[in-house]
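K.L.:
Generate a structure from the sequence data that follows.
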Amino acid sequence: MSLAERLLTFSLRAKVAIATAESCTGGMVSAAITDVAGSSAIFDRGFVTYTNDAKQALLGVKGATLDRVGAVSEEVAQEMADGALANSNATLAVSITGIAGPGGSEHKPEGRVCFGLAQAGHPTKTETVEFGAMGRGNVRIAARDHALTLLLNAIS
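P.N.:
Sure, this is the predicted structure:
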């Protein structure tokens, strides 16, 4: 059973509705969830906010936060997750912002991905995973799977 299939099963039991806020994965988490038949029972909506303007307009990420720490940060991941929860009918939201590659910098290397997990009635959690310079496609797949696992762990 895939991560997304397990997520559907557990979400149905827990009566959870999910939203996503994605940057570097460009909708891959939403696609993985909606690839599973019956996902409309648990998936409310997905936000693909690739640019800083989109993060601000659709999710309410603050320009001051972006200016202070940049898009690839736990602070922005938190604001993205909180914004997805606030701008949806979901009870659980995951966010992803990172540097899939190629490239990066000394301070923000390729493969760094920040995640946020917002759940109604709970403080928003954030974390950063250093996947390393494993290639753009592999970083995106790893980030997708990590986000699905975060959602699963929140409800199982």
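K.L.:
contact partners of the biggest helix by length in the chain?
P.N.:
Selection of the longest helix in the chain by residue count, based on DSSP state H, yields helix 136-155. The set of residues that contact helix 136-155 without belonging to it, under Cβ atoms under 8 Å, 6 or more residues apart in numbering, is 3-4, 6-7, 10-11, 14, 16, 18, 20, 24-26, 28-29, 32-33, 92, 94, 96, 98-102, 110-111, 113, 115, 117, 119, 129, 131, 134. (Each C-beta comes from the backbone N, C-alpha and C, glycine too.)
K.L.:
try stretch 12-19
P.N.:
Applying Cβ under 8 Å, 6+ apart, the set of residues contacting stretch 12-19 is 7, 10-11, 33, 38, 41-47, 84-85, 87-94, 151, 155.
K.L.:
Inside strands: which ones of these?
P.N.:
In strands, defined here by DSSP state E, the members of those are 43, 44, 45, 46, 47, 92, 93, 94.
K.L.:
Let me see the contact set for the second one.
P.N.:
Taking Cβ under 8 Å, 6+ apart, we find residue 44 in contact with 17, 18, 19, 88, 89, 90.
K.L.:
what's the pLDDT at residue 12?
P.N.:
On the pLDDT scale, residue 12 is placed at 95.
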